[in-house]
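1. requesting a structural model of the entry that follows:
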Amino acid sequence: MADEVSCSPLARDAEVAIDTLRVSPGDQVATAMRDLPEGLQLTVDGIALTLKNDIPKGHKLAVLPMSVGQPVLKFGFPIGKALQDIEVGEHVHVHNIATGLSGVEDYTYQPAPEAPHTTIPDQTFMGYRRPDGRVGIRNEIWILCTVGCVARTSERLAKMASERFKGRIDGVYALTHPLGCSQLGDDLSHTRSLLASLAMHPNAGGVLIVGLGCENNQLSNLLKEIEKPADRLKYFAAQMVEDETETGLEALEDLVAVVEKDRREECHVSDLAIGVKCGGSDGFSGLTANPLVGRIADRVAFAGGQSIMTEIPEIFGAERILMARAKDEAVFNGVVDVVNDFKNYFLEHKQPVFENPSPGNKAGGITTLEEKSLGAVQKGGTSPLNEVLRYGERAHEKGLSLLEAPGNDAVSSTALTAAGAVIVLFTTGRGTPLGFPAPTLKIASNSALAAKKPHWIDFNAGQVVEGRSLDDTADDLMKLILATASGQPTCNEKNEEREIAIWKNGVTL
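-> Predicted structure coming up:
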């Protein structure tokens, strides 16, 4: 992308036609809103054309001619270069355009004018105010394990406690993983930091940590990183007690006695911390669900709450948009470091930085990483970027934060939760049942997915290409978010889809 990139990828509202959508006036491509047959005659923004190929729904067609080597524009920015001459009406996809990304880049601090402040009415929800001042939206007990060797022990305790203490709190859940042993250095430190941040999460009124005794991730070192009232944190090493089940249930009984006294109280939206994530994206994600979530991120950020975005490899090609919104040069440098560090991580493992999008993304119409990134960054809205977090860290600044984590759904969503997000807004064009410790609202980019998987999908963003404005749709989504924050369960909670995944990026002994 050119150094002069400084504006939002959506320079204007998308123009919706019956068959196609062209986002920006200079774009050489438009998106098919339905399956379009070869030979169909169309008019796109006043340009008359005849389709030279079948164009699957969500895929791109050329509305202007392109020469070999020419940058191809979508969202007003390059999404790659033409591999050959492309005629008007042709299908534009992996066979005729390719990424322009290669390795690390140099960046210059060029702050963009601050976006207009989004004003919204005062809105509230019923949450749980914790001793540290943060607000949770669930009153649960989480069982965390230091090492995978006691994962099944933790799950057994959660099952028994759920039956024994049913109705007294919102639930007892084991958040297990296979790591904690045979790890060294930063890899071990990442595991410990992530678990410590989860232990301090405001949705967890109480936490039980189950250790083994001989693992690299020693319980004593983990506890040093956790700040939580003593009556809300219990722990033991299974090798050191006679009966780990009896010990665990006694600890859980003590925790329940404290946590069950907590009550919901009215909280302002400024107390809300949201995480934004996309997974299984398609050609509509950057046109519907992601900009919709961006509207929500702005509302929360401008109201004084926290919005956290991540998936660093999925901003490659669009990173300058975020860099231009850094509140100061220190935050700008933080973005540069986290982007180039991630690129070097790929290169050191002899992998290209553009090994993305996934097969599912491509089937849905996304061609290059730049195209995916330009759609993905819209989840962060337009508010200033106030903070850059490394993996496992918690958000402290109000407004928008950028968190270091890979694009993997489970790893990045776990990191968002650990950073403090009490709810995750998860956009998807392909669908997934996956869920995480924080309630996870699945937002479909298209109506077909929402209709096909109502037991996975909580909200349909496809309505924004069916005549509904983004702002009106955002009003409805905000109502759902506040209802969820007040206790209404998400699909992932109803389906008992709840897990964590920790980023393992080092050697195994």
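
2. quick one: contacts for Ile169?
-> Contacts were defined as Cβ atoms under 8 Å, 6 or more residues apart in numbering; by that measure Ile169 touches Asn139, Glu140, Ile141, Gly205, Val256, Val259, Glu260. (Each C-beta comes from the backbone N, C-alpha and C, glycine too.)

3. for the chain, what's the longest strand?
-> Across the chain, the longest stretch assigned as strand under DSSP state E is strand 204-211.

4. quick check: next helix or strand after it?
-> Sequence-wise, the next helix or strand downstream of strand 204-211 (DSSP states H and E) is helix 219-224.

5. residues contacting that following helix, please?
-> Here helix 219-224 makes contact (Cβ under 8 Å, 6+ apart) with Thr146, Arg192, Leu195, Ala196, Ile209, Gly211, Gly213, Tyr235, Ala237.

6. over to stretch 173-182?
-> Against stretch 173-182 from outside (Cβ under 8 Å, 6+ apart): 140-149, 151-152, 154-155, 157-158, 191, 198, 215-217, 437, 498-502, 504, 508-509.

7. which of these fall within strands?
-> Glu140, Ile141, Trp142, Ile143, Leu144, Cys145.

8. how far does the longest strand of the chain sit from its chain's centre?
-> The chain centroid and the centroid of strand 204-211 are separated by 25 Å under Cα atoms, centre = their mean, to the nearest Å.

9. which residue ranges form the strands in the stretch 201-350 of the chain?
-> Remark: strands assigned in the stretch 201-350 of the chain by DSSP state E, counting those that start in this stretch are 204-211, 233-237, 265-268, 273-278, 306-309.

10. in JSON lines, list these along with mean pLDDT and distance to Glu404.
-> Formatted as JSON lines, those follow (pLDDT from 0 to 100; distance: least, Cβ to Cβ, whole Å):
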{"stretch": "strand 204-211", "mean pLDDT": "98", "distance to Glu404": "23"}
{"stretch": "strand 233-237", "mean pLDDT": "98", "distance to Glu404": "26"}
{"stretch": "strand 265-268", "mean pLDDT": "98", "distance to Glu404": "29"}
{"stretch": "strand 273-278", "mean pLDDT": "97", "distance to Glu404": "14"}
{"stretch": "strand 306-309", "mean pLDDT": "98", "distance to Glu404": "11"}
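
11. who are the contact partners of the nearest residue to Leu40 once chain neighbours are set aside?
-> Counting by Cβ to Cβ, 6 or more residues apart in numbering, the nearest residue to Leu40 once its immediate chain neighbours are dropped is Leu51, at 4.7 Å. Shown in contact with Leu51 (Cβ under 8 Å, 6+ apart): Leu36, Pro37, Glu38, Gly39, Leu40, Gln41, Leu42, Leu61, Gly89.

12. quick check: pLDDT value at the last one.
-> It refers to Gly89. We note a pLDDT of 95 for Gly89 in this prediction.

13. just the buried subset of the contacts of Leu51, please.
-> Taking 16 or more other Cβ atoms under 10 Å as the criterion, what is buried in the contacts of Leu51 is Leu36, Leu42, Leu61, Gly89.

14. taking the mean pLDDT, what do you get for stretch 157-172?
-> On average, the pLDDT along stretch 157-172 is 97.

15. meant to ask about stretch 47-59
-> 95.

16. quick one on the thing from earlier: tell me the one of the ones in strands among the contacts of stretch 173-182 nearest Thr473?
-> Comparing these against Thr473 with Cβ to Cβ places Glu140 closest, at 30.3 Å.

17. what's opposite the closest one in the beta bridge?
-> When bridges are called by DSSP bridges, Glu140 pairs up with Ala204.

18. cool, Val92 as well?
-> Beta bridges link Val92 to Lys60 when assigned by DSSP bridges.

19. what residues are up against it?
-> Gln28, Val29, His59, Lys60, Leu61, Ala62, Val72, Ile86, Thr367.

20. how near is it to Ser285?
-> Separation of Val92 from Ser285 (Cβ to Cβ, to the nearest Å): 17 Å.

21. can you map out the helices along the protein?
-> Along the chain, counting by DSSP state H, helices occupy 151-164, 185-199, 219-224, 244-259, 289-302, 319-323, 329-348, 359-363, 369-376, 409-418, 447-452, 470-485, 491-494.

22. quick check: angle from the fifth one to strand 273-278?
-> Pointing back at helix 289-302 there. Orientation note: helix 289-302 sits at an angle of 160 degrees relative to strand 273-278 (axes from the mean of the first three to the mean of the last three Cα atoms, to 10 degrees).
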